[in-house]
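Visitor: When you get a sec, could you give me coordinates for this:
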Amino acid sequence: MTARELAINVLYKIENGEGYSNIEIDKEFHKNEIDDIDKSLASELVYGVLTWKITLDEIIKRYSKIRVKKISPWILNIIRIGIYQIVFLDRIPESAAVNESVKLAKKYGHEASSKFTNAILRKIEKNELEKLMDYISDKPVLEDEIISIATSHPLWLVDELLKEYDKKFLTELLSANNMKSPITLRANLIRTSREELIQLLKLKGYECEPGNLPHSIKVKKMNDFSNGLFVVQDEAAQMACLKLNPKPGEKILDACSSPGGKTTYLAALMNNKGEIDAWDIHEHRVKLVENVAEKLGINVIRAKCNDATLYNSELDNQYDKILLDVPCTGIGVIRKKPDIKWTRKPEDIDELSTIQSNILNTCCQYLKKGGKLVYSTCTIFQRENHIQIENFLKCHSDFKLIEEIKLFPNVNNTDGFYIAVLERAGENID
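Guide: From the prediction side, this is the model:
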């Protein structure tokens, strides 16, 4: 199976709700013998189409007499990857993009499908994005529709965010969502230091440099090398752990811990001394935490299947510090997971906000007086962030907000992230 054929198979499964891009790509890689170059191309095509789907479909609309919704899903994705190669990729000749797409259209459609595919792709030029925006500017199109098409984000998402951010900032933010995120590592302090790890990475031929946080490293490319010396972790997630500031010997609760990146960082900051209770609602995700802890040589984590929304009076005032990295819409990590654009729905915001509120109101009771609680999300909706904390503080006079941090990909070059540092009244344990 060629890289292009693999890509359209993955895209078909994703659009039919059969899985997520990273999982389906891995499945196809395991099923098919494919070299590293083709793996790279297949991944590029899948993530490229998922990132730019709305924009690609608008280009198709300009040249197709058949409505996009009426085009066979197989043929539609073949045309999408063809356009993506021509418009967004420099290293692939236009002739190859067209010819390979036509071959696939014959295989996954019929003779008419291949002629239809050929007719559209032969009209596509490198400057198609500029042509599209010029075309739209002459039409009676609303501002939110322009942002949606230009940045390839669903209209409902644009409309929701326009309630909270101005047009200029939002356009920059959504455009940043379409850029590849930097690869950031976090040195595993249990086994090495950042300085030692940088030296080792350079010896192995990696281009890297210190990141903006004490234990972060920026790298150009990365393969499977690890040996338990680091975790791939965005600086926004690292910052949430640093703001909790766990100390050796403390008893910590990480109530929404899977897959374990933040949990293991907390353990490392504690020098692997103390206790960390790590919860997740799903047993298989608890295993992920246990596995990463074992890989990194950490033994202070007690991973357990537990629902953080259910109150347990036996845990009242038991923890020195608590991390609540709650379930959220994930809008802040779209550049890593473009599927989120197409799987999220408007009603998810209120549903997840309710869960977040329940977790916060339940777990805050487990914090000792004078203790610190960090609430964090990888989303940028105020209802899940500032408003959530604002409502919490109205009902909990024994808590106060110490610090509030908002991170954006277009401003900080990190995931979109929110961190609220709360403290419970009483004797300070720090």
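Visitor: Could you pull up the contacting residues of residue 171?
Guide: Neighbour list for residue 171: 147, 150-151 [criterion: CB atoms under 8 Å, 6 or more residues apart in numbering]. All C-beta atoms are positioned from the backbone trio N, CA, C, and that covers glycine.
Visitor: got a pLDDT number for residue 222?
Guide: Looking at residue 222, its pLDDT stands at 79.
Visitor: Am I right that it sits in a helix?
Guide: No: under DSSP: H, G, I helix; E, B strand; the rest coil, residue 222 sits outside any helix and is assigned coil.
Visitor: Compute the distance between it and residue 403, please.
Guide: According to CB to CB, to the nearest Å, residue 222 stands 32 Å off from residue 403.
Visitor: who's more crowded, those two?
Guide: residue 222 (15 against 11; other CB atoms under 10 Å).
Visitor: Could you list everything the closest residue in space to the more buried one that isn't next to it in sequence pairs with in the sheet?
Guide: Spatial nearest neighbour of residue 222, excluding adjacent residues (CB to CB, 6 or more residues apart in numbering): residue 183 at 5.2 Å. With DSSP bridges as the criterion, residue 183 is bridged to residue 219.
Visitor: Residue 183 - how many residues pack around it?
Guide: Residues near residue 183, counting by other CB under 10 Å, number 15.
Visitor: Residue 331 now?
Guide: 26.
Visitor: That one contacts residue 382, doesn't it?
Guide: No: Residue 331 is beyond contact range of residue 382, at 11.5 Å (criterion: CB atoms under 8 Å).
Visitor: Next up, the contacts around the residue nearest to residue 337 when sequence neighbours are not counted.
Guide: Spatially, and ignoring its direct neighbours in sequence, residue 337 is nearest to residue 330 (6.8 Å; CB to CB, 6+ apart). Going by CB under 8 Å, 6+ apart, residue 330 touches 337, 340, 344, 378-379.
Visitor: Distance check, the nearest residue to residue 44 once chain neighbours are set aside against residue 263.
Guide: In space, and not counting its chain neighbours, residue 44 is closest to residue 89: 7.2 Å by CB to CB, 6+ apart. The spacing between residue 89 and residue 263, counted by CB to CB, is 38 Å.
Visitor: quick one: which of the contacts of residue 330 sit in helices?
Guide: Counting by DSSP state H, the contacts of residue 330 place residue 340 in helices.
Visitor: Quick one: residues in contact with the helix or strand encompassing residue 97.
Guide: The secondary structure element spanning residue 97 is helix 94-108 (assigned by DSSP states H and E). Contacts with helix 94-108, where a contact means CB under 8 Å, 6+ apart, come from 2, 4-5, 8, 72, 74-75, 78-79, 81-82, 85-86, 89, 113-114, 116-118, 121-122, 124, 126.
Visitor: what comes up buried for it?
Guide: Buried residues in helix 94-108, defined by neighbour count with 16 or more other CB atoms under 10 Å: 94, 97-98, 100-105, 108.
Visitor: For the residues you listed, name the two members farthest from one another.
Guide: Greatest spatial distance among the buried residues of helix 94-108 (CB to CB): 94 and 108, at 21.2 Å.
Visitor: Residue 160: what's it in contact with?
Guide: Residue 160 touches 346, 349, 381, counting by CB under 8 Å, 6+ apart.
Visitor: what about burial for the residues you listed, which qualify?
Guide: 349, 381.
Visitor: ok, so what distance separates residue 18 from residue 11?
Guide: In terms of CB to CB, residue 18 sits 11 Å off from residue 11.
Visitor: So between the two, which is more surrounded?
Guide: Set residue 18 next to residue 11 and count neighbours by other CB under 10 Å: residue 11 wins out with 24 against 12.
Visitor: burial count for the spatially closest residue to the more buried one that is not a sequence neighbour?
Guide: Nearest non-adjacent residue to residue 11, counting by CB to CB, 6+ apart: residue 77, 4.5 Å away. Residue 77 is flanked by 27 other residues according to other CB under 10 Å.
Visitor: buried residues in the helix or strand that contains residue 405?
Guide: For residue 405, the host element (DSSP H and E) is strand 399-407. For strand 399-407, a neighbour-count test (16+ other CB under 10 Å) marks 399, 405-407 as buried.
Visitor: Could you do stretch 245-263 as well?
Guide: Buried residues in stretch 245-263, defined by neighbour count with 16+ other CB under 10 Å: 246-247, 250-258, 260-263.
Visitor: Quick check: the farthest pair among these?
Guide: Spatial extent of the buried residues of stretch 245-263 (CB to CB) is set by the pair 247 and 258 at 23.9 Å.
Visitor: Contact partners for residue 150?
Guide: With CB under 8 Å, 6+ apart as the criterion, the residues that contact residue 150 are 55, 133, 171, 175.
Visitor: Downstream of the one helix or strand it maps to, the next helix or strand is which one?
Guide: Using DSSP H and E, residue 150 falls within helix 143-151. Per DSSP H and E, the first helix or strand lying C-terminal to helix 143-151 is helix 155-162.
Visitor: Which element is encountered next along the chain beyond that next one?
Guide: Helix 155-162 is succeeded, C-terminally, by helix 167-177 (DSSP H and E).
Visitor: Tell me which residues touch the residue minimising distance to the centre of the chain, please.
Guide: Among the residues of the chain, the one closest to the centroid is residue 333, at 2.9 Å (CA atoms, centre = their mean). With contact taken as CB under 8 Å, 6+ apart, residue 333 is in contact with 340, 378, 415-416.
Visitor: and the residue of the chain most remote from its centre, what are its phi and psi?
Guide: Within the chain, the residue lying farthest from the chain centre (CA atoms, centre = their mean) is residue 111, at 39.7 Å. When read as degrees, to the nearest 10, the backbone of residue 111 gives phi -60, psi -40.
Visitor: what do you get for residue 374?
Guide: Backbone torsions for residue 374, taken as degrees, to the nearest 10, come to phi -110, psi 120.
Visitor: Equivalent analysis for the one 5 residues further on, please.
Guide: Residue 379 has phi and psi values of phi -130, psi 170 when expressed as degrees, to the nearest 10.
Visitor: measure it to residue 136 for me?
Guide: 29 Å.
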